[in-house]
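Novice: kindly generate the corresponding structure for this input.
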Amino acid sequence: MQLSKMQKTLLIAAIIISNVAVMGDYAVYPIVDGLYSLFGDQTGWVDTWVAMPQWVQVVFSFAAAALLTRMSTKGVLLLGGVCFTVGGLFGAIVPAIEFMTFMRFLFGVGIALVNVAGVSVLAQAFTDEGEYNKVMGWYNAGQALIGAGISALAGNLALLGWSHVFWIFIAAAAMTVMFAVFVPTLRDEEMAEEGVSGPTGMVSGAFWLAAIAVIVFSVGYAIASYYVSSYVIENGIGNETMAGYLGSVGTVGSFVFCLGYGKVYERMHRWVAVAAYGLCAVVFLLLAVAPGAAVAYVGYFLLGVGMGVCASYSYGIVPEHCSSDRVDFGIAVMTAVMCLGYAVASYFVSFLQEVTGTSLYTPMFLVAAVMALVACAIEVVSHAAAFQPKGTCTPTREGLPQA
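Specialist: You can find the predicted model right below:
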């Protein structure tokens, strides 16, 4: 199905707005400490409540890929939008941590479905490699901007009371309406014409190496994200307010770079990931050995750039290395590995602190530097080796096997 320029513009707008779901967890960050105080005798439940969406996304990203072989992308987006809206808007309607955790489950399901289906519909609509990567840059720039907006709004609403942050998810209802109005039903028509009944294609070895690099880098980046306030206070360079500013600086870095990601990718192609991972390794190292306000501000700006590259690149390469009937699966893999990296980071840090006998977080930035270097090395290896999918044909950018 060929889309008009107006249809493509409205589609891009709807999918950029889908980041309300993708970045939805930012709304509850300001109230986490308050929930531990409120449910002081149920800290295990609060731990589960905090981590639930990340673990759910790991599983339901693949469920989304399976659904996309049987439903339209529009249908999956609408289902995800409804789950996210219900789980978010009514997440605290009953102030019991058990009920709230169940709603967080729905919330996580919604994020997974919207994330995978949203990127998938862009891959279907924009088959030119340059155009697709440009749009992916815009998508991730919008993600950074929306994440910053949600964080700022949540911080102010939290001052009125912890349950007030859930009113942010009124925006999720508007997002779901946009899915219904602006997203074309691409998958239904494709299945009717091509008779696609399930995944039968191929995925290249280079794709799997890229996915491994993403999960390794995500763990390192999560260390810097989760423990920014600990890093600032530990090194005497500021307080929680500065930690918030550093998060905003990282968002600005991601937003600015992603706007021009398409042009950068056009010039550097897959080497853009090698450069980004290498840059972040240097930044992590400097943050660990030379802590200071100036280093922190510049460092977190550059880390934001690095994560923007990682997000845009990981989704951008999927149509190059997966045949058309495996694109949804490839997007699900990239979504899952990023979520898994974030989900295991806190456990990994706790393990390292126990083994090394330290309670400090600054040394963990050295670990993050090593992980970024490992991700960089994996990407270099993927370029050096001529990996091809198993079989007798290679997936093209259009996603159709070529003999």
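Novice: please count neighbours and contacts with C-alpha atoms only from this point.
Specialist: OK.
Novice: buried set for stretch 118-135?
Specialist: 118-126, 129, 132-135 (16 or more other CA atoms under 10 Å).
Novice: likewise stretch 293-313?
Specialist: 293, 296-313.
Novice: what's the helix or strand containing A21 packed up against?
Specialist: If you go by DSSP states H and E, A21 is part of helix 19-22. For helix 19-22, the packing partners by 3 or more CA pairs under 8 Å, 6 or more residues apart in numbering; DSSP states H and E come out as helix 97-125, helix 129-158, helix 170-182.
Novice: next one: the helix or strand following it to chain centre, how far?
Specialist: For helix 19-22, the following helix or strand on the C-terminal side (DSSP H and E) is helix 32-38. For helix 32-38, the separation from the chain centroid amounts to 25 Å (computed by CA atoms, centre = their mean, to the nearest Å).
Novice: which residues sit against the helix or strand following helix 32-38?
Specialist: Going down the chain from helix 32-38, the next helix or strand is helix 43-67, by DSSP H and E. The contact list for helix 43-67, computed with CA atoms under 8 Å, 6 or more residues apart in numbering, reads 32, 35-36, 39, 76, 97-98, 100-101, 104-105, 107-109, 111-113, 116-117, 328-329, 331-333, 335-337, 339-340, 342-343.
Novice: by mean pLDDT, flag the weakest helix or strand of the chain.
Specialist: Ranked by mean pLDDT, DSSP states H and E, the helix or strand of the chain with the weakest confidence is strand 401-402, at a mean of 38.
Novice: show me where the stretch 301-403 of the chain has its strands.
Specialist: Assigned by DSSP state E, counting those that start in this stretch, the stretch 301-403 of the chain shows strands spanning 394-395, 401-402.
Novice: give me the mean pLDDT for stretch 241-248.
Specialist: Per-residue pLDDT over stretch 241-248 has a mean of 76.
Novice: just stretch 358-374 next, same as before
Specialist: 93.
Novice: so that it lines up with my notes, have the first residue be 791 from now on.
Specialist: Got it, first residue is 791 now, which makes that one stretch 1148-1164.
Novice: about what we covered before: identify, from the buried residues of stretch 908-925, the entry nearest to S941.
Specialist: G908 (22.0 Å; CA to CA).
Novice: using CSV, list the CA coordinates for the helix holding A811.
Specialist: Extracted C-alpha coordinates of helix 809-812, given in CSV (Å, rounded to 0.1, in the frame of the first residue of the first chain):
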residue,chain,number,x,y,z
ASN,A,809,6.4,7.5,23.1
VAL,A,810,3.9,8.6,25.7
ALA,A,811,3.7,4.8,26.3
VAL,A,812,7.4,4.0,25.7
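Novice: now do the buried residues in it.
Specialist: N809, V810, A811, V812.
Novice: contacts for that helix next, please.
Specialist: Here helix 809-812 has contacts from 871, 874, 900-902, 904-905, 932-933, 936-937, 961-962, 965, using CA under 8 Å, 6+ apart.
Novice: now for V840, how many residues are close by?
Specialist: 17 (other CA atoms under 10 Å).
Novice: measure it to I1005 for me?
Specialist: 20 Å (CA to CA, to the nearest Å).
Novice: for A934, same thing?
Specialist: Distance, A934 to I1005, using CA to CA: 20 Å.
Novice: T1146 now?
Specialist: Taking CA to CA, one finds T1146 at 24 Å from I1005.
Novice: go on, T838?
Specialist: 22 Å.
Novice: please apply the same query to S1038.
Specialist: Counting by CA to CA, the gap from S1038 to I1005 is 23 Å.
Novice: one more: F969?
Specialist: With CA to CA as the criterion, F969 and I1005 are 30 Å apart.
Novice: pLDDT weak spots in this structure?
Specialist: Residue ranges of the chain with pLDDT under 70: 791, 976-991, 1030, 1174-1193.
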